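Asks: Whatever this is, show me its structure:
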Amino acid sequence: GRAACCKMCSQEDFQAQRSQLVALLVSGSLEGFESILDWLLSWDVLSWEDYEGLSFPGQPLSCSARRLLDTVWNKGAWGCQKLIEAIQGAQVNSQTLELHDCWDPHSLHPAQDLQSHRPAIVRRLYSHIEVVLELARERGFLSLYECDEIRLPIFTSSQRARRLLDLATVKANGLAAFLLQHTQELPVSQSPPYEAAECQKFIAKLRTTVLAQSHFLSTYDGVENLCLEDIYTENILELQTEVGMARAPQKSPTTLGLEELFGTHSHRNKDADTVLVVGEAGSGKSTLLQQLHSLWATGRDFQQFLLVFPFSCRQLQCVAKPLSLRMLLFEHCCWPDVGQHDVFQFLLDYPERVLLTFDGLDEFKFRFTDQERHCSPTDPTSVQTLLFNLLQGNLLKGACKVLTSRPDSVSALLRKYVRTEYHLKGFSEEGIKLYLRKCHSEPEVADRLIQLLQATSALHGLCHLPVFSWMVSKCYQELLMQDGGSPATTTDMYLLILQHFLLHDSPPDSASCGLGPGLLQGRLPTLLHLGRLALWGLAMCCYVFSAQQLQTAQVDSADISLGFLVCAQSVGPGNVTPLEFLHITFQCFFAAFYLAFSADTSAASLRHLFNCRRLGSSSLARLLPTLCVQDSRDKKGSEMALLQKAEPHNLQITAAFLAGLLSQEHRDLQATCQTSEKVLLRRKMCVRWCLARSLREHFHSIPSAVPGEAKSMHAMPSFIWLIRSLYEMQEEQLARKAVRRLDVGHLKLTFCNVGPAECAALAFVLRHLRRPVALQLDHNSVGDVGVEQLLPCLDVCTAVYLRDNGISDRGACMLVERAVHCEQLQKLALFNNKLTDGCAHAVSKLLAHKQNFLALRLGNNHITDVGAQVLAQGLKSSTSLQFLGFWGNSVGDKGAQALAEAVADHQSLKWLSLVGNGIGSVGAQALALMLEKNKSLEELCLEENHVYDEGVCSLAEGLKRNSSLKVLKLSNNSITYQGAEALLQALNRNSTILEVWLRGNLFSLEETEVLSCRDTRLLL
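Replies: All right, here's what the predicted structure looks like:
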């Protein structure tokens, strides 16, 4: 950026680089921007009135930057050049700009000299502002009120120095002369503040603390000391953008590495400081943050931050006393042994060198609000107010914050304060293999596990979430020795890990063949104790348990020894380390176990648990008196108030586990748990009835179809949960009953976090539909394994839309090979995926053999001329295809020639898109010959190619002999007036064509006006 800026000297160049200059101005902190203003004031580029208009408090930095550019542009070329010099000086810490450290302390124009030497004076005042303020007040130049205004904690030391100089400019009482004289005597700090011994000691201590916390894997397993560096495997991290933002609509989300987390990507809000990472429970959010911490602490990455402070939201919510920012950082993360004041002042002065991470907002019981503003870094407030104001930037503005959460817990209000959002989607297929190989030093064990996963698609689908891959690794012996089928549902996997822990905690001669009576009955009280604690914790949004809470829940050392409760990282002083479940999903599992097999569970509780409305009403309230972890003096009303704050998503996970535990698949487990058959039967019937009823209510809420259109349903968030719960029960009759009355022609499940496990559940339920449906799963995480899971329901699909789902050739081949045999399936959309020429033969076979197939969209993949030539062979045999989308590939001229030859005699094709395929004049000539012969094509899209005038002239000749084409799109093809003239001649002989798109070509304004007048069908 600097090299480009150096060449600017004219106002025209300055204006042409405006967006680049804005980016440079906002790339640093407010401190950097204000230092640029200092230089411009000292050079008289800005007047005092200009400066006041640009330094308005609370104004977003991007707005100030744009106003500065407007102001300087009006000053002429000299002003523009001086701004560029100031930006360059700020980028290299002012080393290229000469500081004029000497001035006349007895000047006759002190206010003017303060402005002329402002950068040097700010630098001298920085370290001595308190002394100077006190001296000025003693001598009568400042009032106490004025001093307090300058000392406001929202200002850094350099900002306080600037506000003192601003005040001296407008006061005529001798303050300017006093400052000019007194500042000359102050020493200049030659080294940056972070090089001071106190800061260096604290940075070293903080690195050591963070490294110790991040060395071992902190999630899933509290027994084994798994070294993070040995086990960490990259997840799929995608950049999320809002619908309608600048990202090209046909492009897939950008997949990034962890090292790119703070890159200059597309931003939701450029003035915000918070980076948001969302992902489902078990997708690896906590481990990703732990890896970030480790990379920083070891000096391998993220060294733009001098200080990194990690926090856990589930532990922060346990802090009851009021906190200040200083207390949060020092008392609850790392305490400076010396120079606490200097270290904290450095934090405030250089926030851009600070990173704060907050893991698990979904486990924070307080909902985000921006109603209570708190700006003082030293005044205490509640922990939620402190956190929310940090995320908004009211505290420590300029410091970067990373926040993780499950998607459902992030409100639209919070997203207003998010700079960049990422979606963590778990492991890729290669990631699963790599993780298992890292977990097992014996290659043959890893190979057998990988082979097992590849042969068992249901289990493979679960393992895309790291928590399930960990379970597979942990239970490898049980999995490899099983004679029966492998786990298919989430409940199956959690029962398998339960079996593993029970065997590990049992005598060596215990039975090792499943959850039999001998293994389970002896530890049933332990499981119910853990379940009671888990359920109370969910109701109260409590995920970290004190010794008192454990004692009240009757959880003793024998229960803890089973291994599902592990030590939590304490957030504050205390002698007894609190405990937490291995993972939030384990807490949900044990809560479900308690509900399934405890004598206290009522039918009313189950009905409320499976209610689609917000959970947390009387369902769990009825259980609280028996759980009794709260102090008995608490009133029931306060318990109800707490239940209203329960996290609905956790209760949905619990409900799905409950459905699985009460399924017929686990009747042996149910018989072992000493609950009467009559009670279990009633609970099973209740759950079945609840699920079927909830789905029927969901279907009844669908609006009637618009006349002439198919009835469409966009699934609500609870729909996927209900389908997962049905799948956990594994009862075909229940699934058939649940969807019996679903009467829609189009089922939309876009942006619903559908992964392979959800695909298995959808197929299990949707295959029982009575009428065909178009299934739209755009913008999810289906992948190849998810496609495999969907195959059983393709027979009831008229169309399948799978845009943006990370599908490769393997998944596409499975899909189209099955589609050939599905009579009702007529449309496939696979654009924005990872397809290459490798899937071309399978797709060609589909086109050749399925003679009722209507639409194929393969846009924005990686198909070249080789694949296009193979597909063209199938297209020649197709008699039904109407829509063919190839945009955003690389078919080139050879591919265009092959497709043109196939389409020339095609009798049904109406729409062909070859946008952005590198097609030149040779390909255009082939398409022109096609137009001369074809009698069905109505729209041809050739935008963003290299057609040029030569190709347009060929197309114009084809148009003269064509009688079917209605729309020809040629935008962004470097066409000049010569090419447009050829088109005009063709239009004079063609009355069928309605529109020719020519936007973004090489026409002057005058030529555009002339062409528009000559034929209104030219869209310019």
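Asks: Give me the residues contacting stretch 963-972.
Replies: The contact list for stretch 963-972 (C-beta atoms under 8 Å, 6 or more residues apart in numbering) reads 915, 931, 934-944, 947, 952, 955, 959, 990, 992-1001. Using the backbone N, CA and C atoms, a C-beta is placed for each residue, glycine as well.
Asks: repeat that with 7 Å
Replies: Residues from elsewhere that reach stretch 963-972 (C-beta atoms under 7 Å, 6 or more residues apart in numbering): 931, 934-944, 947, 952, 959, 992-1001.
Asks: Now do Leu1018 against Val1010, distance only.
Replies: Separation of Leu1018 from Val1010 (C-beta to C-beta, to the nearest Å): 10 Å.
Asks: pLDDT weak spots in the stretch 151-300 of the chain?
Replies: 188-195, 218-225, 242-253 (pLDDT under 70).
Asks: you'd agree Pro351 is up against Lys397?
Replies: Yes. Using C-beta atoms under 7 Å, Pro351 is in contact with Lys397, at 6.4 Å.
Asks: who's more crowded, those two?
Replies: The neighbour count for Pro351 versus Lys397, taken as other C-beta atoms under 10 Å, is higher for Pro351 (22 against 18).
Asks: what's the following helix or strand after the helix or strand of the chain with the lowest mean pLDDT?
Replies: The helix or strand of the chain with the lowest confidence, counting by mean pLDDT, DSSP states H and E, is helix 636-643 at a mean of 36. Counting by DSSP states H and E, the element after helix 636-643 in chain order, helix or strand, is helix 648-661.
Asks: Flag every buried residue along that following helix.
Replies: 648-661 (16 or more other C-beta atoms under 10 Å).
Asks: Adding pLDDT and distance to Ala281 as columns, could you present the residues you listed in CSV?
Replies: Putting these into CSV (pLDDT from 0 to 100; distance: C-beta to C-beta, whole Å) gives the following:
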residue, pLDDT, distance to Ala281
Pro648, 83, 13
His649, 87, 8
Asn650, 88, 8
Leu651, 86, 13
Gln652, 89, 10
Ile653, 92, 7
Thr654, 91, 12
Ala655, 91, 14
Ala656, 93, 11
Phe657, 95, 12
Leu658, 94, 16
Ala659, 94, 17
Gly660, 95, 16
Leu661, 95, 18
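Asks: Just the contacts of stretch 963-972: which are in helices?
Replies: Among these, the ones falling in helices (DSSP state H) are Leu931, Val952, Leu959.
Asks: Just the CA atoms of the one helix or strand Glu981 maps to, as CSV, please.
Replies: Element membership of Glu981 [criterion: DSSP H and E] is helix 977-988. In CSV, the C-alpha atoms belonging to helix 977-988 read as follows (Å, rounded to 0.1, in the frame of the first residue of the first chain):
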residue,chain,number,x,y,z
TYR,A,977,-18.7,0.1,-30.5
GLN,A,978,-17.6,-2.0,-33.5
GLY,A,979,-19.1,-5.1,-31.9
ALA,A,980,-22.2,-3.3,-30.9
GLU,A,981,-22.7,-2.1,-34.5
ALA,A,982,-22.6,-5.8,-35.7
LEU,A,983,-25.3,-6.7,-33.1
LEU,A,984,-27.5,-3.8,-34.2
GLN,A,985,-27.4,-5.0,-37.8
ALA,A,986,-28.4,-8.5,-36.6
LEU,A,987,-31.2,-7.1,-34.5
ASN,A,988,-32.6,-5.3,-37.5
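Asks: So, low pLDDT: which residues of the stretch 451-600 of the chain?
Replies: Applying pLDDT under 70 to the stretch 451-600 of the chain flags residues 482-485, 507-518, 569-575.
Asks: Go again with 50.
Replies: Where the stretch 451-600 of the chain drops to pLDDT under 50, the residues are 511.
Asks: Can you tell me which of the ones in helices among the contacts of stretch 963-972 lies closest to Arg373?
Replies: Ranked by distance to Arg373 (C-beta to C-beta), the ones in helices among the contacts of stretch 963-972 are led by Val952 at 59.8 Å.
Asks: neighbours of the closest one, just the number please.
Replies: 30.
Asks: How about the contacts made by it?
Replies: Neighbour list for Val952: Leu970, Ile975, Gly979, Ala982, Leu983 [criterion: C-beta under 7 Å, 6+ apart].
Asks: Just among those residues, which is most surrounded?
Replies: Leu970 (28 neighbours).
Asks: That one and Leu825, how far apart?
Replies: As judged by C-beta to C-beta, Leu970 and Leu825 stand 34 Å apart.
Asks: quick one: secondary structure of the residue nearest to Ala136 when sequence neighbours are not counted?
Replies: Computed as C-beta to C-beta, 6 or more residues apart in numbering, the closest residue to Ala136 that is not its neighbour in sequence is Leu142, at 4.6 Å. Recorded secondary structure, Leu142: coil (DSSP: H, G, I helix; E, B strand; the rest coil).
Asks: So which bits of stretch 919-938 are buried?
Replies: 919-931, 934, 937-938.
Asks: for stretch 455-472, same thing?
Replies: 456-472.
Asks: chain center to the helix of greatest length in the chain, what's the gap?
Replies: Scanning the chain for the helix with the most residues, using DSSP H, yields helix 677-700. Here the centre of helix 677-700 is set off from its chain's centre by 35 Å, with C-alpha atoms, centre = their mean, to the nearest Å.
Asks: so how far is stretch 257-273 from its chain's centroid?
Replies: Using C-alpha atoms, centre = their mean, the offset of stretch 257-273 from its chain centre is 11 Å.
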